[in-house]
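Chemist: okay, here's the prediction I keep looking at, along with the sequence it came from:
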Amino acid sequence: MLPVIWSVFAVLALGGFLMIAAYWLDVQDRPDLSARARIGWSAAVLVFPVSIPAYAFIGGPGWPAFLRVASLVPAAALTLFFGFLFGAFS
């Protein structure tokens, strides 16, 4: 089972990096946000497992349902990472 979980982690980690980039580029591209809001959402990338889903679901970007679900990918990857780190999978 470990190789399957490791493969899922690798795919989610790659998807997580893509979601971080998509999030940051979307924040920079929104003309309706003030400069202060843009800076705030950009700085929130430091807490990406919380800020990306918050932006997708309540931030008002108008993302389609697929991207809203995909906004949870970085948090899932981080969960698997800590699972490996603390030996939850064997």
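Modeler: Yep, it's here.
Chemist: so residue 30 touches residue 61, yeah?
Modeler: Yes: under the criterion of C-beta atoms under 8 Å, residue 30 lies in contact with residue 61, with a separation of 6.8 Å. Placement of C-beta: from N, CA and C, glycine included.
Chemist: the more surrounded of these two?
Modeler: When residue 30 and residue 61 are compared on other C-beta atoms under 10 Å, the one with more neighbours turns out to be residue 61, at 19 against 15.
Chemist: got the contact list for that one?
Modeler: Contact criterion C-beta atoms under 8 Å, 6 or more residues apart in numbering gives 26, 30, 55 as the residues in contact with residue 61.
Chemist: turn those residues into TSV, columns for pLDDT, secondary structure and distance to residue 47.
Modeler: Shown next, in TSV, are these (pLDDT from 0 to 100; DSSP: H, G, I helix; E, B strand; the rest coil; distance: C-beta to C-beta, whole Å):
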residue	pLDDT	secondary structure	distance to residue 47
26	93	helix	17
30	92	coil	19
55	93	helix	11
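Chemist: distance to residue 20 for the residues you listed - can I get that in a markdown table?
Modeler: Rendered in a markdown table, the data for these read as follows (distance: C-beta to C-beta, whole Å):
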| residue | distance to residue 20 |
| --- | --- |
| 26 | 11 |
| 30 | 16 |
| 55 | 11 |
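Chemist: ok, the residue positioned nearest the centre of the chain - contacts?
Modeler: Computing the C-alpha centroid of the chain and ranking residues by C-alpha atoms, centre = their mean puts residue 74 first, at 3.9 Å. With contact taken as C-beta under 8 Å, 6+ apart, residue 74 is in contact with 15, 16, 19, 20, 48, 49, 52.
Chemist: good, we can wrap up now.
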